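Asker: Sharing a sequence plus its predicted fold:
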Amino acid sequence: MAETAITEKSKGNLQVFESEEDLAVSLAKYTADLSAKFVRERATFAVVLSGGSLIYSLRKLTESPYLESVDWTKWYVFWVDERVVPKDHRDSNYKLAYDGFLSKVPIPPGNVYNINDALYAEGAADDYETCFRHLVKLKIIESAASSGFPKFDLMLLGMGPDGHVASLFPGHPLLSENQKWVTFIKDSLKPPPERITCTFPVINSSANIALVVCGADKADTVYRALGNKQDSSDLLPVQIVSPAEGELTWFLDKEAASKL
Ligand SMILES: O=C1O[C@H](COP(=O)(O)O)[C@@H](O)[C@H](O)[C@H]1O
């Protein structure tokens, strides 16, 4: 394993890998270890997925030894964001995750909570929030003691080259949404324009967040987020990721970290 650096920063734990392949190996172990911990402690593991390149980086989890050793029956799966398209559409984050991850591991289908693709954006966001509230009552999702927002065990986030996370884009008014758990956007600059997204209070209530970022096209944004020169005005979405009571771990390949 060619891990080049592990350092502690106020911005979270930073892990930089020689290659995306090494990153994927480490991400699988990190996720499997958290799964074992939460299954031991509370008999469930509530995991939130992103779309995009993150799904490819989860591939090692679908292989030995994790395919056999992870207690997949205890997993509950959610999405941090989804595009308002049918779930068999090529832009669907559900389809991406199903094809690249979920179809390869024995998670009970009833534990997979995709966003309702039969509803318009507003309705789908409300419906997903209602689903979260129900599962918090059932204690499948924990509740953050201080805020009452849902506290997922693990949130696996990607980051776009512009610094967006989930469907929370730079400069968008939704960055300051502080009441809703799930909301919608109809003017995403990255297509498709209509999306559903968890809000920052939900993201930042997570017990663990992994920010998984690969590729030279993201190096400038990673530098802006993690480099020494910090500008607190006009924060990028990725700079707002800061779990209040949880742990943030950055998984970077060396291209993404090349400007640090
Ligand atoms: O549109 C989206 O983009 C981000 C980042 O994707 P990536 O391919 O650059 O890693 C993704 O995390 C998000 O879920 C997705 O809807």
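Answerer: In hand now; what should we look at? Numbers count the residues shown, from 1 in each chain.
Asker: Contact partners for residue 49?
Answerer: 55, 77-80, 93, 97, 101, 156 (C-beta atoms under 8 Å, 6 or more residues apart in numbering). From N, CA and C alone the C-beta is placed, and that goes for glycine too.
Asker: so what's the backbone phi/psi at the residue of the stretch 151-260 of the chain at minimum distance from the ligand?
Answerer: Going by C-beta to the nearest ligand atom, the ligand is nearest to residue 158 of the stretch 151-260 of the chain, at 3.0 Å. With angles defined as degrees, to the nearest 10, residue 158 sits at phi -100, psi 180.
Asker: Would you confirm that it contacts residue 50?
Answerer: Yes: with contact defined as C-beta atoms under 8 Å, residue 158 reaches residue 50; the gap is 4.6 Å.
Asker: and of the contacts of residue 49, the nearest to residue 123?
Answerer: Nearest to residue 123 out of these is residue 79 (C-beta to C-beta; 16.1 Å).
Asker: And the closest one, its phi and psi?
Answerer: The phi/psi pair for residue 79 (degrees, to the nearest 10) is phi -120, psi 140.
Asker: what about it, distance to the ligand?
Answerer: For residue 79, the distance to the ligand equals 8 Å [C-beta to the nearest ligand atom, to the nearest Å].
Asker: Which stretches in the stretch 1-150 of the chain count as helices?
Answerer: 20-42, 54-57, 66-69, 93-100, 121-137 (DSSP state H, counting those that start in this stretch).
Asker: Quick check: residue 250 is in a strand.
Answerer: Yes: the assignment for residue 250 (DSSP: H, G, I helix; E, B strand; the rest coil) places it in a strand.
Asker: Wait, it touches residue 211, no?
Answerer: Yes: contact between residue 250 and residue 211 holds when scored by C-beta under 8 Å: they sit 4.9 Å apart.
Asker: Near the ligand, which residues of the stretch 1-150 of the chain are found?
Answerer: 50-54, 81, 93 (C-beta under 6 Å from any ligand atom).
Asker: Which members of these are the farthest-apart pair?
Answerer: 53 and 81 (14.0 Å).
Asker: Without its sequence neighbours, what residue ends up closest to whichever residue of the stretch 51-200 of the chain sits closest to the ligand?
Answerer: Going by C-beta to the nearest ligand atom, the ligand is nearest to residue 52 of the stretch 51-200 of the chain, at 2.4 Å. Take residue 52 and drop its neighbours on the chain: the residue closest to it by C-beta to C-beta, 6 or more residues apart in numbering is residue 158, 4.4 Å away.
Asker: neighbours around that neighbour, how many?
Answerer: Neighbourhood size, residue 158 [other C-beta atoms under 10 Å]: 25.
Asker: With the one 5 residues further on instead?
Answerer: By the measure other C-beta under 10 Å, the count of residues near residue 163 is 21.
Asker: follow-up on the earlier one: any idea which of the contacts of residue 49 has the most stuff around it?
Answerer: Busiest of the contacts of residue 49 [other C-beta under 10 Å] is residue 80, holding 27 neighbours.
Asker: Show the pLDDT at that residue.
Answerer: Residue 80 carries a pLDDT value of 98.
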